[in-house]
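J.: Got a sequence here, can you model it:
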Amino acid sequence: MDPCIVTPGQQQTLDLEHLNLKFDAAHPKSILTWCLETIPTGLIQSTAFGASGMVILDLLYRDLNPDPGIPVLFLDTLHHFPETLQLAENAKAHYGLDLHVFRPQGVESRAAFAEKYGEQLWQKDIEQFHQLTKVEPLQRGLQMLNVSSWITGRRRDQSSTRAKMPIFEGDRQGRLKINPLANWTYKEVWNYLVGNQVLYNPLYDQGYASIGDEPITTTTNHGEEERAGRWRGMARTECGMHA
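T.: Numbering: from 1, shown residues only. Take a look at the predicted model:
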């Protein structure tokens, strides 16, 4: 039978194998519908307003239109491209999002971050940089929002390290993590965005296939993995949020 919801910080027995078998070939809308029907409280979407995240936002707010709306958690690392921050504001206004923004503790600007932790921390200690800008703010946000289950925009075809990612999984704190687009391709994402005239980051039109922090994101060359422009020249493929 389908599992009950997970309460924050409490690991319950979830039949994840059953859920993943049931929904592996399902449309993301069906997965999101299950979430809305099965998880009445503690459900959020975590997004950086990338292409996949915008598909989920559109399915939730234009198509399924839950009432009350699902809270949206956004990590303002203080190092985003201006285009990303503008898209976050545009999406909030367009969909009427219940948007919750979390930043590194104790600083409100990139200049203040550099003053406190040193210039170009990402070059000196990428682990500390991500701990301060993403990992800690994410955990703080999940706790403050009393999250039991969270929706992400991750997909299997984004990189080799995500190739076997399930749709339903548990995180280290016992929350349920849902990846509705796990079985979608990059092409399917863009067919949806274009076909439904969904807002998206204009940097995609400039050769960026995946968009992260401005200082450590480059354009992507033909034939590279989608996330090849993230941490170029560094021996890493993830920031640590989904460890």
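
J.: can you list the weak-confidence ranges in the chain?
T.: Low-confidence segments of the chain (pLDDT under 70): 1-14, 161, 225, 227, 229-243.

J.: Could you measure from the residue nearest the centre of it over to Val194?
T.: By CA atoms, centre = their mean, the chain has its centre lying nearest to Thr47, at 3.5 Å. To Val194, Thr47 is 19 Å away according to CB to CB, to the nearest Å. Any C-beta I mention is one placed from the backbone N, CA and C, and that applies to glycine too.

J.: Tell me how many other residues crowd the closest residue in space to the residue nearest to the centre of the chain that isn't next to it in sequence.
T.: Nearest residue to Thr47 in three dimensions, chain neighbours excluded: Gly53, at 3.4 Å (CB to CB, 6 or more residues apart in numbering). Applying other CB atoms under 10 Å, we find 25 residues neighbouring Gly53.

J.: Hmm, Gly53 is touching Tyr61, no?
T.: No: using CB atoms under 8 Å, Gly53 is not in contact with Tyr61; the gap is 12.0 Å.

J.: Which strands or helices does the helix or strand that contains the residue nearest to Thr47 pack on?
T.: Assessed by DSSP states H and E, Gly53 sits inside helix 51-58. Here helix 51-58 touches helix 28-38, strand 43-46, helix 82-95, helix 186-195, going by 3 or more CB pairs under 8 Å, 6 or more residues apart in numbering; DSSP states H and E.

J.: Using CSV, write out the CA atom coordinates for it.
T.: Output in CSV follows, covering the C-alpha atoms of helix 51-58 (Å, rounded to 0.1, in the frame of the first residue of the first chain):
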residue,chain,number,x,y,z
ALA,A,51,14.2,24.6,-16.8
SER,A,52,13.0,21.5,-14.9
GLY,A,53,11.9,23.5,-11.9
MET,A,54,9.8,25.7,-14.1
VAL,A,55,8.0,22.7,-15.6
ILE,A,56,7.1,21.6,-12.1
LEU,A,57,6.0,25.1,-11.1
ASP,A,58,3.8,25.3,-14.2
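
J.: any idea which helix or strand comes after it?
T.: By DSSP H and E, the next helix or strand past helix 51-58 is strand 72-75.

J.: so what does that following strand touch, helix or strand wise?
T.: Checking 3+ CB pairs under 8 Å, 6+ apart, strand 72-75 ends up next to strand 43-46, strand 99-102, helix 136-144.
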